[in-house]
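Undergrad: Predicted model, plus sequence, below.
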Amino acid sequence: MAFRNLEITHRSAVHTIIVNRPDKLNALNRETLNELTIAFAQAAQDDGVRVVVLAGAGEKAFVAGADIAEMNGYTPTQALAFSRTGQRLMSSIERLGKPVIARVQGFALGGGMELAMACHFRVASEKAKFGQPEINLGLIPGFGGTQRLLRLAGRGAALELCLTGATISAQRAYELGIVTRVVAPDALDEAVVALADQLANAAPLAAAGILDAVLSGGEAAIDQGLEFETQGFALAFSTEDMREGTSAFLERRKATFVGR
Ligand code: COA
């Protein structure tokens, strides 16, 4: 389907979704949230997609937040629906079952930082900026920011960033454990492509098992988390890819994984 606010490209097994409202710094209005929801559902269902890269159009912003102009007129009921739509989208990204990389070249503020945190990797340019500035608007984060920041970087960082609304550098976000990797601006695409290609060549069912064990285990007591891991480990033995991976090692050749 044609999207008004997204651009989609596909290279081999790497699917790239670009939020494309550069004149509004890619701010997330309702229509964009709905389109992202559809685009990620399509990526989840397409067996040809093994990795998703999420990016923002233009040089200036990944995504500069939820659309403030649209939110300005919301009633509490509309705000509730907007928050739920955003939270569901973020959870669907986190639980896509395939690795998702956020390519962050500029501002990732508010809903933009929440979107980046729902991804499994955040590869950022040295010029990228992160923050949860909702408090400056008399708001609180509404797309999962308080919860994912807490889990990614701990209570101290979550309280500091959300209560001060401060904008921090990519390097500081890296030090806090929010960003996976920081690179020079002109090395960003190369770093994203290298990571995406590495993930695209990995065994997809094993990747799905790892994502499930880590994400489910993060919300559970250790015994339950270990049980998720055991079940995923055993399930891997039902796949062709596990036979291929272990045989390739023993035969001293490169494995080719087919996702079965
Ligand atoms: N929602 C709606 N529109 C936004 C937006 C947002 N979150 N962020 C930027 N825009 C729009 C601006 O209104 C402006 O539109 P206009 O040209 O029609 O007036 C355009 O994007 C460019 O932004 P501008 O503010 O002129 O760029 P800047 O370089 O001066 O500042 C920022 C960049 C990111 C510092 C600034 O845009 C900003 O603070 N944005 C809001 C960040 C925020 O609070 N996000 C959390 C929302 S919950």
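TA: Good, I have the coordinates.
Undergrad: same for the host helix or strand of R88, what does it pack against?
TA: In the assignment (DSSP states H and E), R88 maps to helix 76-94. Applying 3 or more Cβ pairs under 8 Å, 6 or more residues apart in numbering; DSSP states H and E, we find helix 76-94 packed against helix 30-45, helix 111-118. Every C-beta, even on glycine, is put in place using the N, C-alpha and C of the backbone.
Undergrad: Quick one: closest of the ones you listed to V63.
TA: Across the helices and strands packed on helix 76-94, V63 has its closest neighbour in helix 111-118 (3.1 Å, Cβ to Cβ).
Undergrad: Show me how far the helix or strand just after that closest one is from its chain's centre.
TA: Using DSSP H and E, the next helix or strand after helix 111-118 towards the C-terminus is strand 121-125. How far strand 121-125 lies from its chain's middle: 10 Å, per Cα atoms, centre = their mean, to the nearest Å.
Undergrad: likewise stretch 21-40?
TA: Remark: stretch 21-40 is offset 14 Å from the chain centroid, using Cα atoms, centre = their mean.
Undergrad: Next up, the contacts around A153.
TA: L176, G177, I178 (Cβ atoms under 8 Å, 6 or more residues apart in numbering).
Undergrad: whoops, I mixed them up, D241
TA: By Cβ under 8 Å, 6+ apart, the residues touching D241 are A203, P204, L205, A206, A255, F257, V258, G259, R260.
Undergrad: which one among the residues you listed gets closest to R103?
TA: With Cβ to Cβ as the yardstick, the closest approach to R103 among the contacts of D241 comes from P204, at 21.0 Å.
Undergrad: just checking, that closest one touches L96?
TA: No: assessed by Cβ atoms under 8 Å, P204 is found out of contact with L96, at 11.6 Å.
Undergrad: more crowded one of these two?
TA: P204 (24 against 20; other Cβ atoms under 10 Å).
Undergrad: quick one: that one from the ligand, how far?
TA: To the ligand, P204 is 35 Å away according to Cβ to the nearest ligand atom, to the nearest Å.
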